[in-house]
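Undergrad: sequence and predicted model, in that order:
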Amino acid sequence: MLDIKFIRQNPDAVKDACVKKNIKCDIDKLLDVDQKRIKIKQDLEAIAAEKNKASKAIPQAKDQIERDTIIKAMKALDENVSNLEKKLKELEAEYEQMMLVVPNIPSEDSPISPDESGNVVAETWGEPKKFDFPVKDHIQLGKDLDLIDTEAGVKTSGFRGYYLKNEAVFLHFAIFWHALNLMREKGFKMFVPPTILREFALVGSGHLPAGRDEIYQIGNPGKLESGEEVKEPLYLTGTAEPSLLAYHAGQILNEKDLPIKMCGISQCYRSEVGSYGKDAKGLYRVHEFMKVEQVLICKNDIEESSQWLETMREISQTILKDLELPHRVLSICTGDMGAGKYKMYDIETWMPSRQAYGETHSDSNLTDWQARRLNTRYRDKEGNIKFPHMLNNTVVASPRILIAVMENYQQADGSIAIPKVLQPYLGGMTQIFAKK
RNA sequence: GGUGGGGUGUCUGAGCGGUUGAAAGAGGCAGUCUUGAAAACUGCUGUGGUCAAAAGCCACCGUGAGUUCGAAUCUCACCCCCACCGCCA
């Protein structure tokens, strides 16, 4: 969410952001609704002030007659109130709905383009390996070495279901262990956050209302006295980011406690309704996976948060470098970055079967856009209350990262070598062979 | 799932129809004293809106609705927390 005062003063900058981000949002209408609601609020406040004054006079009234006169006057004041209140309620609802859609202003250095074709390669690390034998994809490797079973997965859990098996299970957790250790060294507070979330957390992070289709909703049945069922909507989150950020929702933090560096490991759920045809095979696009996520809350200082965006990108690249996986960094263009973002990088890791880089990480600075939604604030040294900047980035997500590991580490004999850094987590295992 | 007790500011905690935006204490900030510190004493210390700012005004005591001239206080529903019982990884 942007500051309404900012929108009032800079309507053109906001409209420009809508165009660059390819987001439909009628700023003129928003400002019109804003003005109307302010006007009604002022009228109601004037009435409330009169009523308060009269109300205070009642206990001082010297007799019943005087009291009745005042009460009569107050009732007269009430005449228009319910009408105005009804109107205000409608306007407020409309206003809030619109405010949730207004995008953040993208950074000056973000590439401008309506879609992902405008993303720019910012950095490349490592050379895609040349194989002197025909490469298999992770699906084939997974079958041959009995590591992945998608047929059974689909049987039990439907489209995009999968089982990880045997050494793949250990590989999966070895990667997470390695990631968690790195994050602890970097000074992050560690969390296993909840994945069943209330609406406000997802509205706060910006995943709602825009991403409603992407998110699984579950019911929390309760019963009214009448026997009617009521449900508070609950959602399965697609990332630890909302639960980590919402941890501080509604709080006023102290500047000396910033930055707050949080790291969460959680299961992640994505309905993927918008991508039925895409990546239908294998582990690339699945409905549930596990992810280590990093989140950071820092001062409202664009230079500082911009620096943290780079630092968080480096942390993620450290994991990929440890795993010796070739990868590249994309500077994401305005049309591909999402409404709340100021600046965004994706990291893509080389996947031999695709003969291409595939997205494995996503690093974003949302400045104060989320903090305003979550009402997370801090008091600076001068005592001013401000909204902090918030950032998030993938540390590592599996099984997607296993695609890169399995495919890049496959050997001529059909086995898979274990990356050196992971071997200690696997009891010194160096290679995965086909089972007899 | 059942029964009982609760949700008040940074925290503890009082208030249970009308000068209560809210006692008291703790904490925090500033000052006096002190070589310095501690102690003691004095003062200040919620958020948001109107609003860019001051004064004024308005709103906020878990959330939402209601009763009333007037609600932190009464009614209803919901959410959450605590205790005990039941069930359970």
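TA: Arrived safely.
Undergrad: how about the strands of the stretch 1-150 of chain A, start to end?
TA: A:120-125, A:148-149 (DSSP state E, counting those that start in this stretch).
Undergrad: ditto for the stretch 251-400 of chain A
TA: For the stretch 251-400 of chain A, the strands defined by DSSP E, counting those that start in this stretch occupy A:252-254, A:260-269, A:288-298, A:327-331, A:343-351, A:356-365, A:377-379, A:385-386, A:389-398.
Undergrad: can you tell me which of the ones you listed is packed in deepest?
TA: Of the strands of the stretch 251-400 of chain A, the one with the most neighbours on average (mean count of other CB atoms under 10 Å) is strand A:389-398, at a mean of 26. From N, CA and C alone the C-beta is placed, and that goes for glycine too.
Undergrad: other SSEs contacting that one?
TA: If contacts are counted by 3 or more CB pairs under 8 Å, 6 or more residues apart in numbering; DSSP states H and E, strand A:389-398 sits against helix A:167-185, helix A:241-246, strand A:288-298, helix A:302-322, strand A:356-365, helix A:369-374.
Undergrad: what's the average pLDDT for it?
TA: The predicted model assigns strand A:389-398 a mean pLDDT of 97.
Undergrad: stretch A:111-130 now?
TA: On average, the pLDDT along stretch A:111-130 is 96.
Undergrad: how far does it stretch from one end to the other?
TA: Start and end residues of stretch A:111-130 are separated by 32 Å (CA to CA, to the nearest Å).
Undergrad: kindly report the same for stretch A:372-387.
TA: Across stretch A:372-387, the terminal residues are separated by 6 Å (CA to CA).
Undergrad: per-residue pLDDT, the nearest residue to A:Phe289 once chain neighbours are set aside?
TA: Once flanking residues are discounted, A:Phe289 sits nearest to A:Cys268: 5.5 Å by CB to CB, 6 or more residues apart in numbering. As predicted, A:Cys268 sits at a pLDDT of 95.
Undergrad: pLDDT value on A:Glu348, please?
TA: What the model reports for A:Glu348 is a pLDDT of 98.
Undergrad: quickly list what it is bridged to.
TA: A:Arg328, A:Glu359 (DSSP bridges).
Undergrad: in contact with it, which residues?
TA: Residues near A:Glu348 by CB atoms under 8 Å, 6 or more residues apart in numbering: A:His327, A:Arg328, A:Val329, A:Leu330, A:Tyr357, A:Gly358, A:Glu359, A:Thr360.
Undergrad: would you turn the strands of the stretch 251-400 of chain A into CSV with distance to A:Gln9?
TA: Shown next, in CSV, are the strands of the stretch 251-400 of chain A (distance: least, CB to CB, whole Å):
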stretch, distance to A:Gln9
strand A:252-254, 25
strand A:260-269, 30
strand A:288-298, 25
strand A:327-331, 29
strand A:343-351, 23
strand A:356-365, 23
strand A:377-379, 21
strand A:385-386, 18
strand A:389-398, 21
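Undergrad: close to RNA strand B, is the biggest helix by length in chain A?
TA: Criterion DSSP state H: the longest helix present in chain A is helix A:27-57. Yes: shown here: helix A:27-57 in contact with RNA strand B (CB under 7 Å from any atom of the strand) through A:38, A:41-42, A:44-46, A:48-49, A:51-56.
Undergrad: what of stretch A:375-394?
TA: Yes: contact of stretch A:375-394 with RNA strand B (CB under 7 Å from any atom of the strand) involves A:Arg377, A:Arg379, A:Ile385.
Undergrad: of the helices and strands packed on strand A:389-398, which is nearest RNA strand B?
TA: helix A:369-374 (9.9 Å; CB to the nearest atom of the strand).
Undergrad: average pLDDT for that closest one?
TA: The average pLDDT within helix A:369-374 is 92.
Undergrad: excluding sequence neighbours, find me the nearest residue to A:Glu255.
TA: Going by CB to CB, 6+ apart, A:Glu255 has A:Asp380 as its nearest residue, at 4.8 Å.
Undergrad: same thing with A:Gln370?
TA: Once flanking residues are discounted, A:Gln370 sits nearest to A:Met390: 4.6 Å by CB to CB, 6+ apart.
Undergrad: next one: the one you found from A:Gln60, what distance?
TA: For A:Met390, the distance to A:Gln60 equals 51 Å [CB to CB, to the nearest Å].
Undergrad: check A:Ser353 too.
TA: Relative to A:Gln60, and taking CB to CB, A:Ser353 is found at 85 Å.
Undergrad: contact partners for the residue in the stretch 301-436 of chain A positioned nearest to RNA strand B?
TA: Per CB to the nearest atom of the strand, A:Ile385 is where the stretch 301-436 of chain A lies closest to RNA strand B, at 3.9 Å. The contact partners of A:Ile385, by CB under 8 Å, 6+ apart, come to A:Ile252, A:Arg377, A:Tyr378, A:Arg379.
Undergrad: was I right about the second one contacting A:Pro388?
TA: Yes: using CB atoms under 8 Å as the test, A:Arg377 is close enough to A:Pro388 to be in contact (7.3 Å).
Undergrad: now for those two: what residues contact both?
TA: Both A:Arg377 and A:Pro388 are contacted by A:Leu253, A:Ala371, under the criterion CB under 8 Å, 6+ apart.
Undergrad: rewinding a little: ok, which of the strands of the stretch 1-150 of chain A comes nearest RNA strand B?
TA: Comparing the strands of the stretch 1-150 of chain A by CB to the nearest atom of the strand, strand A:148-149 comes nearest, at 23.5 Å.
Undergrad: out of the helices and strands packed on strand A:389-398, which gets nearest to A:Phe433?
TA: Closest to A:Phe433 of the helices and strands packed on strand A:389-398, according to CB to CB: helix A:167-185, at 9.2 Å.
Undergrad: so how far is that closest one off the chain centroid?
TA: Averaged C-alpha coordinates place helix A:167-185 at 22 Å from its chain's average position (CA atoms, centre = their mean, to the nearest Å).
Undergrad: report all helices and strands that that helix contacts.
TA: Identification of packing neighbours for helix A:167-185 by 3+ CB pairs under 8 Å, 6+ apart yields strand A:189-191, strand A:260-269, strand A:288-298, helix A:302-322, strand A:389-398, helix A:400-408.
Undergrad: tell me what angle the longest one forms with strand A:343-351.
TA: Between the axis of helix A:302-322 and that of strand A:343-351 there is an angle of 10 degrees, by axes from the mean of the first three to the mean of the last three CA atoms, to 10 degrees.
Undergrad: now helix A:302-322 against strand A:120-125, angle please.
TA: 40 degrees.
Undergrad: list the buried residues for helix A:302-322?
TA: A:305-306, A:308-309, A:311-313, A:315-317, A:319-320, A:322 (16 or more other CB atoms under 10 Å).
Undergrad: domain-wise, how is chain A divided?
TA: A:4-99, A:116-432 (automatic domain parsing).
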